[in-house]
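Provided below are the primary sequence and the corresponding predicted coordinates.
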Amino acid sequence: MLYPIENRVREVKNLNGIWKFKVDADNVGLEEKWYETPLSDAINMAVPASYNDLVTEEKIKEHVGYVWYERNFIVSDSWEEKRIVLRFGSATHHAVVWVDGKEVVRHKGGFLPFEADITKLVNNSVLEEHRLTVALSNVLDWTCIPCGEIIEKQGPGYPEGFHFQETYFDFYNYSGLHRPVKIYTTPKQYIKDIVIKTEVEGLCSYCEQQSFVALKEYNRLYQESDLPTAEHATVKARIISSDMIRLVQVLDEQNRIVGDCVPVKCADDEYHGIIQIVNPTLWNPGKAYLYKLRVNGENDTYTETFGIRTIDITENSFQINGRPFYFKGFGKHEDSDVRGKGLDEAFNIRDFNLLKWMGANSFRTSHYPYAEETMMLADREGMVVIDEVPAVGMCFWDGKSVFGGNRVNEKTLEHHKNMLRAMYERDKNHPCVMMWSVANEAATHEQEAVPYFQDVIRTMRELDDTRPVTMVHTTGADDDKISQWLDVICVNRYYAWYNDHGHREVIGLQLKNEMEKWHRKYNKPIILSEYGADTIAGFHKLPSVAFTEEFQWEYLQEYQKVFDVLDYMIGEHPWAFADFQTKQGLNRIDGNKKGIFTRNRQPKMAAYVLRERWKEI
């Protein structure tokens, strides 16, 4: 799916701002056809944003079911001969959309874009203004990802109709129109999609070291002039278009044409083009270089940004452009005060500046694909991304079965694969995306999980044969039944926190023992994708105790001692980048406090300790 851009033949209208908003308290709006007339008794609501923290009433914040959004928009007369498309960056989690009371699209899945062609509807209308209505549900069940269920309780002690949304993941179930809403135009004959793949010849990486210890020493001496180089790059473009494609060009960062070709029509609406680039500049972590692929059709034109880089994996290393790469960074969340999961460009800039200040080079989109604007920023900043589908909540902690009972089912699997396809279609051309993660903390010890994840992993590989595939584990190495089909092992572990709480002395022994089990079993590189301790900013005590800032950095250092002696450990992603909101719980005081930064992006003591380490490696 191509991102909406403006050029000489395409236009974009932004529908962000203040919308009308109404809570469907009894979830009767669909039955009563609220979309047929303007919303009554509505309040104002910001888009993009989560609605939950913008209100002051608990019954709205914690509402389970549908809410309604509405606004008017105008279509210019100059668009009469254009194709007109309505596009949502995301709608969490289920959406039905109407224009002037007529349904135009339904979508399931809260973290990926969807759109509807509204050309005939608006062009055949005599209305000066058009009414856009969205019914949005935050309900999660076992047919979707993330997974969840509605819990109902009856009897003495419970009010009539008592129910709540249960989730099995540790972040707040924010809902709303979280990302931009836009209307864009194309010519009637238009470019539908572009798939870019690159191949490199004559790669010179200047680095033969494989182990972390050697890599650490090498990076101390590393100079920018030593950036990996290549003699040639082949850029292969597959273009899906109803327009006749005349020319494909590659432009460098100075907008100079460095290669072009006349593509070959291979099938209905499909063109293939191959362009050779001599001495290409590679996209490197921390040193991004972005080319542009400009597709010129008879009526339409589109320019897609891309980068040239290679990915290789050995049993002990992850290599980008022939150089072993060590993942330094975080699991993050799209989460901020007031706005919730709504896109905030200012927070994005702050986050990336903090990542660079830390010496971080990567992050995981835990536990859902982040906004396209975030991915484009990662492309420009040279930040490596593990892109994760929203398959979270597929594990119980009390021994109950997820895959073997009446929970995860065929509808879940189909939706899971649909989300993989949508994630790939959106992010396939981003050079920052180095690996796909197909799930977080699923019950991979269950025998019934085997065919499920075989299908999921096979689907991901069929979609993309250029990137490795991983998933993030909470199951132990002894019990895991899935990782033989993965390229990299990612493990979440909280020694001395959820078990043996406060006893930092057990961390080294337990971590080393388990990492050795994983590597013996699968002989694959490992990232510790989560580890951390809740920490209250400003809470200090000597000697340290749990929840103090001193404990957090002492805790992290125990993990680092193990990373530094295991050469198959290829990354450390402490949990989490910043404090974030969760549902209420006995072990959560207004959210998860494992952040290295506070929720408003100020450093805790551990940030300085990590910065000193990461700047060295």
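It's in.

Pull out the buried residues from the longest helix seen in the chain.
Ranked by number of residues, the top helix in the chain under DSSP state H is helix 410-427. Buried residues in helix 410-427, defined by neighbour count with 16 or more other Cβ atoms under 10 Å: 412-413, 415-420, 422-424, 426-427. Where C-beta positions appear, they are placed from N, C-alpha and C, glycine not excepted.

sec struct for residue 355, please.
helix (DSSP: H, G, I helix; E, B strand; the rest coil).

re the thing from before, in JSON lines, list the buried residues of helix 410-427 along with pLDDT and distance to residue 448.
Formatted as JSON lines, these follow (pLDDT from 0 to 100; distance: Cβ to Cβ, whole Å):
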{"residue": "412", "pLDDT": "96", "distance to residue 448": "12"}
{"residue": "413", "pLDDT": "97", "distance to residue 448": "11"}
{"residue": "415", "pLDDT": "97", "distance to residue 448": "17"}
{"residue": "416", "pLDDT": "98", "distance to residue 448": "14"}
{"residue": "417", "pLDDT": "98", "distance to residue 448": "17"}
{"residue": "418", "pLDDT": "98", "distance to residue 448": "21"}
{"residue": "419", "pLDDT": "98", "distance to residue 448": "20"}
{"residue": "420", "pLDDT": "98", "distance to residue 448": "20"}
{"residue": "422", "pLDDT": "98", "distance to residue 448": "25"}
{"residue": "423", "pLDDT": "98", "distance to residue 448": "24"}
{"residue": "424", "pLDDT": "98", "distance to residue 448": "26"}
{"residue": "426", "pLDDT": "98", "distance to residue 448": "30"}
{"residue": "427", "pLDDT": "98", "distance to residue 448": "30"}
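
Contacts for the longest helix of the chain, please.
1, 108-109, 112-113, 142-145, 147, 193, 369, 372, 375, 387, 389-391, 433, 436, 438, 452, 455-456, 459-460, 463-464 (Cβ atoms under 8 Å, 6 or more residues apart in numbering).

hmm, try it at 7 Å
1, 108-109, 112-113, 142-145, 369, 372, 375, 387, 389-391, 433, 438, 452, 455-456, 459-460, 463-464 (Cβ atoms under 7 Å, 6 or more residues apart in numbering).

Provide the contact partners of stretch 236-246 at residue level.
Under Cβ under 7 Å, 6+ apart, the answer for stretch 236-246 is 187, 189-197, 248, 263, 269-274, 293, 295-300.

what mean pLDDT would you report for stretch 550-557?
In this model, stretch 550-557 carries a mean pLDDT of 97.

Now that stretch: buried residues?
Buried-residue list, stretch 550-557, by 16+ other Cβ under 10 Å: 550, 551, 552, 553, 554, 555, 556.

If you tally nearby residues, what's the number for the residue lying closest to residue 227 once chain neighbours are set aside?
Excluding the flanking residues, the one nearest residue 227 by Cβ to Cβ, 6 or more residues apart in numbering is residue 284, at 5.7 Å. Using other Cβ atoms under 10 Å, residue 284 has 20 other residues around it.

on that earlier part again, among the contacts of stretch 236-246, name the ones in strands.
191-197, 248, 270-274, 293, 295-297 (DSSP state E).

Mind giving me the PyMOL command for buried ones among these?
Buried residues among the ones in strands among the contacts of stretch 236-246 (16+ other Cβ under 10 Å), as a PyMOL selection:
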select buried, resi 191+192+193+194+195+196+248+270+271+272+273+293+295+296+297
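
what's near enough to touch the most centrally placed residue in the chain?
Residue closest to the mean C-alpha point of the chain, counted by Cα atoms, centre = their mean, is residue 369 at 2.0 Å. Contact analysis of residue 369 by Cβ under 7 Å, 6+ apart lists 111, 112, 387, 389, 423, 426, 427.
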